[in-house]
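> Generate a structure from the sequence data that follows.
(one chain, ligands or ions: 1)
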Amino acid sequence: MIGSNGQQGDRFDQNAVRIEPWGQGDLPLLKKLLGDPAMTEHLGGPETDEQLVKRQARYEDTGRDRMFKIVLEATGEAIGSVGYWERTWRGEQVYEMGWSVLPAFQGRGIAGAATAQALSRARLDGLHRFVHAFPSVDNPPSNAICRKLGFTLVEECEFEYPKGSFMRCNDWRFDLSVGS
Ligand SMILES: CC(C)(COP(=O)(O)OP(=O)(O)OC[C@H]1O[C@@H](n2cnc3c(N)ncnc32)[C@H](O)[C@@H]1OP(=O)(O)O)[C@@H](O)C(=O)NCCC(=O)NCCS
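Residues are numbered from 1 along each chain as shown. Sure thing, here's the model as predicted:
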């Protein structure tokens with residue numbers, strides 16, 4: 001099991017992670033996550049260098065939105081991202097959430113652990129009751145994360161991402177007012 005402090009009895013968990021606010025030096029990580037064709041297969045394809053530089057500036061100055069890098073406790077290495085941002089969905093103000101983990105670190109429960117931490121932060125912010133995630137219907141690991149963390153599947157829908165391009169997604173909703 002992954003603990004927030006990375007400890008499990010005497011054994012240090014090699015897959016333990018923490019989330020840290022996105023920082024000024026994190027453009028190289030962003031390029032690995034969103035500038036890569038395999039990583040963006042379900043996200044409309046890789047962004048250009050220009051788009052990534054603009055996105056880096058947005059991540060550094062997020063206002064009420066929150067972007068985090070996922071850091072491996074054992075080495076301090078940044079290996080992914082998770083975050084939430086405000087949007088209007090079906091006439092309601094909600095958070096949308098997204099996550100990414102570099103290929104070498106996938107399949108170890110890391111995205112799930114980091115997303116659970118991000119949900120706790122969103123609950124502490126206390127601004128919105130619902131968090132939505134919109135994984136492509138063709139993205140089984142991402143849908144599995146929603147299922148295992150207790151999101152409720154609302155419906156399958158057409159979702160616009162990136163702007164001007166529509167894909168078939170599942171609308172998953174997490175209720176921050178339930179549990180703690
Ligand atoms: C989606 C992504 C973040 C998952 O990262 P990860 O660290 O491997 O995720 P986790 O290990 O925490 O969980 C993945 C879950 O998917 C499950 N899974 C993996 N492949 C699966 C498949 N083909 N069918 C069903 N479930 C699958 C795993 O069993 C695991 O669930 P479990 O912990 O209950 O066993 C990673 O694949 C990624 O970065 N993809 C590219 C970016 C992306 O698509 N982001 C999502 C945008 S919505």
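
> use CA for all of it now, contacts and neighbours both
Fine.

> residues in the chain within reach of the ligand, list them.
Residues of the chain that fall close to the ligand, judged by CA under 6 Å from any ligand atom: 39-40, 42, 98-102, 106-112, 134-135, 140-142, 144-145, 148.

> let's see 5 Å
For the chain, the contact set with the ligand under CA under 5 Å from any ligand atom comprises 39, 100-101, 106-112, 135, 140-142, 144.

> Now, these that are in strands?
Members of the residues of the chain next to the ligand lying in strands (criterion: DSSP state E): 100-101.

> Show me which pair in the residues of the chain next to the ligand is furthest apart.
Arg108 and Pro135 (19.1 Å; CA to CA).

> out of the two, which sits in the busier spot?
Comparing Arg108 with Pro135 by neighbour count (other CA atoms under 10 Å), the higher total belongs to Pro135, at 27 against 13.

> just checking, the more buried one touches Asn143?
Yes: Pro135 lies in contact with Asn143 (CA atoms under 8 Å); the separation is 6.1 Å.

> Can you pull the residues that touch both of the two?
Asn170 (CA atoms under 8 Å, 6 or more residues apart in numbering).

> Surely Glu86 is in contact with Met97?
No: with contact defined as CA under 8 Å, Glu86 does not reach Met97; the gap is 9.0 Å.
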